[in-house]
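S.K.: With the sequence up front, the predicted model follows.
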Amino acid sequence: MLSWPTTHDAPPPRRPALAHSAPAFLALALLALALGALAGCSRLSASHLQSRPVENGVAQKLAAKFLRFEYTATRSGAQYEVLGTAQPIRENLPAWADSVDDLSVTAYLCDEQGRVLTKTSAAFAPQPIPQGGFPFRLLLPGADTPSGAVFVSFGYRATFVPSRTPAGSPQAGAPLSGQYVFFASEQAALTN
């Protein structure tokens with residue numbers, strides 16, 4: 001039996017689109033508010049990294065797991081100059097890791113608790129690891145703390161690769177792309 005729509009079979013009136021999405025909208029608004037509040041409370045911290053107080057113009061050393069930093073930090077007016085070298089620690093790297101595909105070094109100026117006051121980075125092009133390490137010159141805006149003490153910490157992000165297929169490789173002569181990669185990273189972290 002066929003039935004034809006009549007005025008009695010009309011669909012119920014449509015509710016405005018906002019009425020259906022109000023709970024979802026409210027949930028998204030609350031989530032955005034909570035994330036905004038958390039972001040406002042977060043700080044960048046280098047407390048887990050080694051640090052040294054800035055000693056104007058004095059040669060200093062800091063070691064991380066895969067890089068050693070030799071540097072001098074000098075305050076000049078409203079900025080600090082950190083001049084030094086990042087040297088890979090060969091005994092902590094795979095024997096075949098003789099080049100970098102990607103390397104960035106970051107200097108952090110911190111307070112006594114390791115809270116990052118300012119930072120800057122230098123990036124290095126893909127290259128064999130230089131005998132004397134990777135030289136850098138980083139300029140950081142000046143920062144003051146209540147005690148007047150300012151500390152230097154370093155972070156890095158590195159992708160170490162071989163310049164040629166390692167000896168004894170089962171795929172000798174094959175392209176190296178992606179076969180041998182050693183990634184290392186130590187950086188400041190967000191904390192509440």
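M.R.: Happy to help now that I have it. Quick caveat, the model's predicted, so the values are computed rather than measured.

S.K.: what residue ranges in the protein score low on pLDDT?
M.R.: Counting by pLDDT under 70, the chain contains low-confidence ranges at 1-41, 167-178.

S.K.: Show me the strands in it, by range?
M.R.: For the chain, strands defined by DSSP state E occupy the ranges 43-45, 51-53, 59-63, 67-76, 79-88, 99-110, 116-124, 127-128, 134-141, 151-161, 182-186, 189-191.

S.K.: Please produce TSV containing those, extended by mean neighbour count.
M.R.: C-beta: built from backbone N, CA, C; applies to glycine. Listed next are these as TSV, based on neighbours: other Cβ atoms under 10 Å:
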stretch	mean neighbour count
strand 43-45	16
strand 51-53	16
strand 59-63	14
strand 67-76	18
strand 79-88	20
strand 99-110	21
strand 116-124	17
strand 127-128	10
strand 134-141	16
strand 151-161	22
strand 182-186	16
strand 189-191	14
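
S.K.: contacting residues around stretch 78-93?
M.R.: Contacts of stretch 78-93 from elsewhere in the structure, counted by Cβ atoms under 8 Å, 6 or more residues apart in numbering, are 54, 63, 65-74, 97, 103, 105, 107, 109, 129, 132-142, 150, 152, 154, 156, 158, 160, 182, 184.

S.K.: Just want to check the distance between residue 69 and residue 52.
M.R.: As judged by Cβ to Cβ, to the nearest Å, residue 69 and residue 52 stand 10 Å apart.
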